[in-house]
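Q: need coordinates for the following:
(one chain, ligands or ions: 3)
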Amino acid sequence: MVKKIAILPGDGIGREVVEGAVEILKTIGHYYRHEFDFQYGLIGGEAIDQCGTPLPDETLELCKQSDAVLLGAVGGPKWDQNPAHLRPEKGLLNIRKQLDLFANLRPIQAHPTLQDTSPFKGEHLEGVDFLIVRELTGGLYFGKPSERTNQNGEEAVVDTLFYKRKDIERILETAFELARKRRKKVTSVDKANVLESSKLWREVAEEVAYRYPDVELEHMLVDNAAMQIIHKPNQFDVIVTENMFGDILSDEAAMLSGSLGMLPSASLSANGLHLYEPVHGSAPDIAGQGLANPIAMILSAAMMLRYSFHLMEEAGAIEKAVKHVLESGKRTKDLTNHPNQYVPTKQMIEEIKEALADDFAILNIMDCYA
Ligand SMILES: NC(=O)c1ccc[n+]([C@@H]2O[C@H](COP(=O)([O-])OP(=O)(O)OC[C@H]3O[C@@H](n4cnc5c(N)ncnc54)[C@H](O)[C@@H]3O)[C@@H](O)[C@H]2O)c1
Ligand SMILES: CC(C)[C@H](C(=O)O)[C@@H](O)C(=O)O
Ligand SMILES: [Mg+2]
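A: Ligands and ions are numbered 1, 2, ... in the order given. Down below sits the predicted model:
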């Protein structure tokens, strides 16, 4: 059956890395005989320029009629001074809300071969393999509309951190389900010593944990969690947390994997239509120069094969090809400290395609002798 994939490249390096993911998916389709139908849509700054809105109705419709969505990144200095409703990031927040993509999975794995650019070395990275489960459709990002006011002649602002109990419950359940398939430990990260929302979060975490007696629950305050991720990263299995804490902690944790350009993500809904995007943004500082690392986007495509299409072997083949290329010493600029020893984005994509072809050929030979 044809699998319909909505492709939303967005802005900056989003466009460069999305092309990499599409190339890799075409290669997978070729070897494993799957038909992928790629339909392109506008989002972010480009959509503002062409349609006057960061999330056109046609894009939303395209996504709803697809089996999965791949998104590059949005944003850039060109639109930084726009009013809030005409910011590229608004398109991203809207698509998450409209498709009810409440569970954002951000897997953190250390690659011992990538120590060049990581501040962490050797045994510090051993066994580092955890999953950040970030709530994605609530919290400060979606509270009452932000407000600039005037209090007794002084400029003032309000942002509101808002959660309903059922929204906290469903993200915690998701985390416990995922932990059950992993090492059975959930670290719930909050700021319960200050925030009312975190107090409710903690209560709900305890209630949900009661239903998962085989999974260990620990609570950790977010400031301590930020330190522990650096101090002893292999203590974590599943970290579950609210929207903004998850945003910040995942960029921090990205450095355990060598670069922000390595970190993929899956944004899951309850209705089966999921979106996949790298954790990084549009990186205006390197856009258009062939310096973007396409691996986060390509690994996001692998997550799509796994979570949306249940193509486990194919997803594994992509992850293995990426590993082989890294082991062979090929690096994009973010992954090396040697100023002249790196490959441009397009070549990295070619290397991964070649590694896929090689691995597939070996599999075929083994099949012949089986
Ligand atoms: N999901 C998204 O679309 C998303 C996520 C984060 C930021 N943004 C937007 O992107 C714009 C830039 O934000 P920022 O600079 O704070 O964050 P960013 O993630 O775009 O970049 C942060 C730093 O990491 C580097 N980097 C990021 N991805 C890389 C990759 N694949 N390969 C190599 N280096 C990479 C960049 O060059 C930059 O130095 C802003 O408009 C922001 O709102 C969008
Ligand atoms: C661009 C921004 C709104 C977004 C977020 O904070 O969710 C980004 O940082 C991310 O991590 O996807
Ligand atoms: Mg972020």
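Q: once you drop chain neighbours, what's closest to the residue in the stretch 1-150 of the chain that ligand 2 sits nearest to?
A: Ligand 2 sits closest to Glu89 of the stretch 1-150 of the chain, with a gap of 4.2 Å, by CB to the nearest ligand atom. Quick note: C-beta positions are derived from backbone N, CA and C, even for glycine. Counting by CB to CB, 6 or more residues apart in numbering, Glu89 lies nearest to Gly75, which is 5.7 Å off, once chain neighbours are set aside.
Q: ok, back up a step: how far away is the residue of the stretch 1-150 of the chain closest to ligand 2 from Lys121?
A: Applying CB to CB, to the nearest Å, the value for Glu89 to Lys121 is 35 Å.
Q: cool, and Val157?
A: From Val157 to Lys121 the distance is 42 Å (CB to CB).
Q: the residue nearest to Glu89 is in contact with Ile43, isn't it?
A: No. At 10.6 Å, Gly75 does not count as touching Ile43 under the criterion of CB atoms under 8 Å.
Q: give me the more crowded residue out of those two.
A: Taking neighbours as other CB atoms under 10 Å, Gly75 and Ile43 compare with Ile43 leading, 30 against 23.
Q: wait, what's in contact with that one?
A: Counting by CB atoms under 8 Å, 6 or more residues apart in numbering, Ile43 touches 8, 10, 54-55, 59, 71, 74, 88, 91-92, 95.
Q: can you list the domains in the chain?
A: When the chain is parsed with automatic domain parsing, its domains come out as 1-108+261-370, 119-257.
Q: so of these, which one's packed in deepest?
A: domain 1-108+261-370 (a mean of 19; mean count of other CB atoms under 10 Å).
Q: closest residue of the stretch 51-200 of the chain to ligand 1?
A: Nearest to ligand 1, among the residues of the stretch 51-200 of the chain, is Gly75, at 2.3 Å (CB to the nearest ligand atom).
Q: can you map out the helices along the stretch 251-370 of the chain?
A: Along the stretch 251-370 of the chain, the segments classed as helices by DSSP state H, counting those that start in this stretch run 295-307, 312-327, 345-369.
Q: where does this structure dip in pLDDT?
A: 363, 365-370 (pLDDT under 70).
Q: near ligand 1, which residues of it show up?
A: 13, 73-76, 89, 92, 260-261, 277, 280-286, 292-293, 296, 334 (CB under 6 Å from any ligand atom).
Q: keep only those of the residues you listed that are in strands.
A: Secondary structure of the residues of the chain next to ligand 1 is defined by DSSP state E; positions in strands are Ala73.
Q: can you list contacts of the host helix or strand of Asn104?
A: For Asn104, the host element (DSSP states H and E) is strand 103-109. If you take CB under 8 Å, 6+ apart as the criterion, strand 103-109 is touched by 128-136, 170-171, 174, 178, 233, 246, 250, 253-254, 256-257, 263-269, 279, 303.
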